[in-house]
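A.B. asks: just need the structure, nothing else, for what follows:
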Amino acid sequence: MNITEKDIDHLAELSNFSLSEAEKTSLRQDLQNIIGYISQLDELDVSGVEPTYQVFEMENIWREDKILPQEADREALLNLAPAMTDNQIKVPKVL
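C.D. replies: Residues are numbered from 1 along each chain as shown. Next up, the predicted model:
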């Protein structure tokens, strides 16, 4: 794959970078080297190899939800709020 000057300009714009001509040339060469290195993977024979999505044997560990009794009641919690209206905590308007 050939990286063009237009590609470098587009990447710089997306990244909000200002690049000098020397930096653009260096970045272009670096990207071509990276893509060339990665493209070597196309040469591997992977026939018979199952796709791997997870390297480690992981599974979700589920636990049952339990409702535990709380020491604080509604009134005690509402009294901790700096402002209250109609039994609800009043917060500043966010718009």
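A.B. asks: which helix in the protein has the most residues?
C.D. replies: In the chain, assigned by DSSP state H, the helix with the most residues is helix 21-39.
A.B. asks: just the CA atoms of the next helix or strand after that one, as CSV, please.
C.D. replies: If you walk from helix 21-39 toward the C-terminus, the next helix or strand you reach (DSSP states H and E) is helix 74-80. C-alpha atoms of helix 74-80 as CSV (Å, rounded to 0.1, in the frame of the first residue of the first chain):
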residue,chain,number,x,y,z
ARG,A,74,-35.5,8.0,52.8
GLU,A,75,-36.0,10.9,55.2
ALA,A,76,-32.5,10.7,56.6
LEU,A,77,-31.0,10.7,53.1
LEU,A,78,-33.1,13.6,51.9
ASN,A,79,-32.1,15.6,55.0
LEU,A,80,-28.5,15.3,53.9
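A.B. asks: so for the helix or strand that helix 74-80 is followed by, mean pLDDT?
C.D. replies: In the C-terminal direction, the helix or strand that comes right after helix 74-80 (DSSP H and E) is strand 84-85. For strand 84-85, mean pLDDT is 90.
A.B. asks: neighbouring strands - and their directions - for strand 84-85?
C.D. replies: Using DSSP bridges, the strands paired with strand 84-85 are strand 88-89 (antiparallel).
A.B. asks: returning to what we had before: buried ones in the longest helix of the chain?
C.D. replies: 27, 28 (16 or more other C-beta atoms under 10 Å). All C-beta atoms are positioned from the backbone trio N, CA, C, and that covers glycine.
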